[in-house]
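**Student:** return a 3D structure for these sequence lines:
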Amino acid sequence: MTLDYYFARRFLRALMIVGGAFAGLIVMIEMLELASKFSDAGLSTRTLFSFAMLRLPATIYELLPIVIALSTLVMFLGLARSSELVVTRAAGRSAMRALVPPVIMAFVFGLLTVGVLNPLAAAASREYDQRAAQMTGKAAQAFSISDEGLWLREGDDSGQTVIRASRSNFDASILRDVTFLGFETSGTLKFRIEADQAQIEQGNWMLTDAKHWALDAGTQNPEAGATVHPTMKLPTQLSTDEIRDRFGKPKEVNIWDLPAYISKLEASGFSARSYKMWLQSELALPLSFVAMVLIAAGLTMRHTRLGGTAKRVLIAILLAFLFFFLRNFASILGQSGEVPIGLAAWGAPVAVILAATALLLHLEDG
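**Tutor:** Take a look at the predicted model:
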C-alpha cells in the first residue's frame with residue numbers, strides 16, 4: 001500500500017509539472033495572440049493577462065489527454081532511470097501492478113475534470129465572449145432556449161426586434177409559430193407580427209400566414225387596424241447560419257446543464273446530435289485518460305540501460321497524438337451521423353485500453 005501511495009504521488013507530481021508548463025505556455029501564447037487581435041484597443045498587460053486567463057481553462061481542457069500522456073512519460077522515465085521499477089520487480093511486484101496507482105489517479109482526475117473543470121471552462125468561455133464583444137463594439141449574441149421555444153434578438157440603429165419561435169425544423173432554416181416584437185431605440189413597442197412560418201431569404205424574413213399589429217403611440221385599437229398577409233417580408237441582418245451559430249458550441253454549455261439543454265432543443269424541433277455527441281465524449285473522458293496512461297507506460301517501463309529509450313518515447317508520443325486525433329475524428333463522425341454516438345464516443349478509448357493492455361502483457365511479465 002505504501003508503494004501504491006508513492007507511485008500515486010509520483011504521478012501527481014509529474015501531472016502538476018507538465019500541466020503547469022502547458023498552462024504557462026498557453027497563457028503566453030494567448031497574450032501574444034490577444035495583443036495582436038486587440039491592437040487598436042491598446043490593452044494593458046494586466047488586461048491581456050485577464051483575457052488569457054479566461055481562455056486558459058477551455059484551451060487546457062482540450063489538451064488534457066496529451067498532458068496525461070506526457071505526465072505518464074515523465075513519471076515512468078524517472079522510475080526507469082532510477083532503477084525503482086527494477087527494485088519493484090525484485091520485491092515481487094509486477095510492472096502491471098505498478099500501473100494501478102497512475103491508472104486510478106488518471107480515472108479520478110478524469111471524473112474531476114468532467115465534473116469541475118468542464119463547468120469552469122464553459123463559464124470562462126462565455127465571459128470571454130462577452131468581454132470580447134464589448135471590446136470590439138459588437139453586440140453580444142442574444143439567444144436563449146426555454147420551455148416556450150427559442151428566443152432571438154437582433155437590432156440596428158433604428159431599434160430592436162425580439163423573435164420567439166415555438167419550434168423549427170432540424171437545421172433551424174424554418175421557424176414555426178413565430179412572433180416578432182419590434183421596439184424603438186427608446187424601448188417603446190412599435191409592432192407585433194405573428195406568423196405560422198418564417199424563413200430567411202436574401203436578407204428578409206419570409207413570413208407565411210402573418211398577422212401584423214401596428215402599436216404606435218397614437219393607435220387606440222390595434223386589433224381594429226391589424227392586417228393579415230398570406231406572405232410578408234421583414235428585413236433582417238441575420239442569416240440561417242448565424243441562427244445556428246447562436247446555439248453556441250456544445251463545449252460552451254455546462255455539462256450539468258447539458259441534458260436539460262438537449263431536451264429543450266429537441267422539444268423546439270432542433271437537432272441536438274452534436275450536443276449528445278459532446279456529452280457522451282465527456283462522459284468517456286476518464287477512460288480516455290486511462291488509455292493515455294497505458295499508451296505512455298507501455299513503451300517507457302523498460303530500464304533505460306537496455307537502450308532505445310528515445311525511440312520508444314517518440315513512438316509513445318506519436319501514438320498518444322494518434323489517439324488524440326482519432327478521438328476527435330470519431331467525434332466528428334458521430335456528430336455527422338456516420339456512426340452511432342455511443343460507438344463514436346466510447347469505441348476509441350475502449351479499443352485503445354484493450355490494445356495497450358495487450359501490449360503491456362506482451363512486454364512485461366505481468
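
**Student:** Gln199 belongs to a helix, doesn't it?
**Tutor:** No - with DSSP: H, G, I helix; E, B strand; the rest coil as the criterion, Gln199 is assigned strand and is not in a helix.

**Student:** separation between it and Tyr61?
**Tutor:** Separation of Gln199 from Tyr61 (Cβ to Cβ, to the nearest Å): 36 Å. Any C-beta I mention is one placed from the backbone N, CA and C, and that applies to glycine too.

**Student:** which stretches of the stretch 201-350 of the chain have low pLDDT?
**Tutor:** Counting by pLDDT under 70, the stretch 201-350 of the chain shows low-confidence ranges at 217-219, 245-248, 268-269, 302-308.

**Student:** got the domain boundaries for the protein?
**Tutor:** What the record gives for the chain is the domain set 2-136+268-363, 142-245, from automatic domain parsing.

**Student:** single out the most deeply packed of those.
**Tutor:** domain 2-136+268-363 (a mean of 18; mean count of other Cβ atoms under 10 Å).

**Student:** where does Leu234 land in three-state SS?
**Tutor:** Relying on three-state DSSP, one would call Leu234 strand.

**Student:** contact partners for the residue nearest to it when sequence neighbours are not counted?
**Tutor:** Closest residue in space to Leu234, ignoring its immediate chain neighbours: Trp205 at 4.1 Å, by Cβ to Cβ, 6 or more residues apart in numbering. For Trp205, the contact set (Cβ atoms under 8 Å, 6 or more residues apart in numbering) comprises Phe180, Ala198, Gln199, Lys233, Leu234, Pro235, Thr236.

**Student:** list the residues that contact the residue most central in space within the chain.
**Tutor:** What sits nearest the mean C-alpha location of the chain, by Cα atoms, centre = their mean, is Lys251, with 2.2 Å. Residues in contact with Lys251, defined by Cβ under 8 Å, 6+ apart, are Ala58, Tyr61, Ala121, Ala122, Ser125, Trp278.

**Student:** can you map out the helices along the stretch 101-250 of the chain?
**Tutor:** For the stretch 101-250 of the chain, the helices defined by DSSP state H, counting those that start in this stretch cover 118-136, 240-245.

**Student:** go through those and name the closest to Pro286.
**Tutor:** Closest approach to Pro286 among the helices of the stretch 101-250 of the chain is made by helix 118-136 (12.0 Å; Cβ to Cβ).

**Student:** which residues does that closest one contact?
**Tutor:** Contacting residues not belonging to helix 118-136 are listed as 38, 41, 43, 51, 53-58, 61, 139-141, 251-256, 282 [Cβ under 8 Å, 6+ apart].

**Student:** of the contacts of Lys251, which is the nearest to Thr72?
**Tutor:** Tyr61 (18.6 Å).

**Student:** between the two ends of stretch 110-121, what distance do you get?
**Tutor:** 15 Å (Cα to Cα, to the nearest Å).

**Student:** and that stretch, how far out from the chain's middle?
**Tutor:** 11 Å (Cα atoms, centre = their mean, to the nearest Å).

**Student:** now do stretch 5-19
**Tutor:** 26 Å.

**Student:** try stretch 36-56
**Tutor:** For stretch 36-56, the distance to the chain centre is 22 Å (Cα atoms, centre = their mean).

**Student:** swap in stretch 156-163?
**Tutor:** That offset, for stretch 156-163, works out to 31 Å (Cα atoms, centre = their mean).

**Student:** pull the residues that contact it.
**Tutor:** So stretch 156-163 is contacted by 151-155, 175, 178-185, 190, 198, 236-237 (Cβ under 8 Å, 6+ apart).

**Student:** one more pass at 6 Å, please.
**Tutor:** Stretch 156-163 is contacted from outside by Leu152, Arg153, Glu154, Phe180, Leu181, Gly182, Phe183, Glu184, Thr185, using Cβ atoms under 6 Å, 6 or more residues apart in numbering.

**Student:** again with stretch 176-189
**Tutor:** For stretch 176-189, the external contacting residues (Cβ under 6 Å, 6+ apart) are 159-167, 190-195, 197-198, 215.

**Student:** related to what we said a few turns ago, just so I know, which of the domains of the chain lies nearest Ala260?
**Tutor:** That would be domain 142-245 among these, by Cβ to Cβ, at 9.5 Å.

**Student:** where in the stretch 51-200 of the chain is pLDDT low?
**Tutor:** 86, 90-92, 95, 136-143, 147, 170-171.

**Student:** which stretches of it form strands?
**Tutor:** Using DSSP state E, counting those that start in this stretch, the strands of the stretch 51-200 of the chain run over 142-146, 149-156, 159-168, 175-183, 189-201.

**Student:** partners of the longest one, with directions?
**Tutor:** This means strand 189-201. With DSSP bridges as the test, strand 189-201 is paired with strand 175-183 (antiparallel), strand 204-214 (antiparallel).
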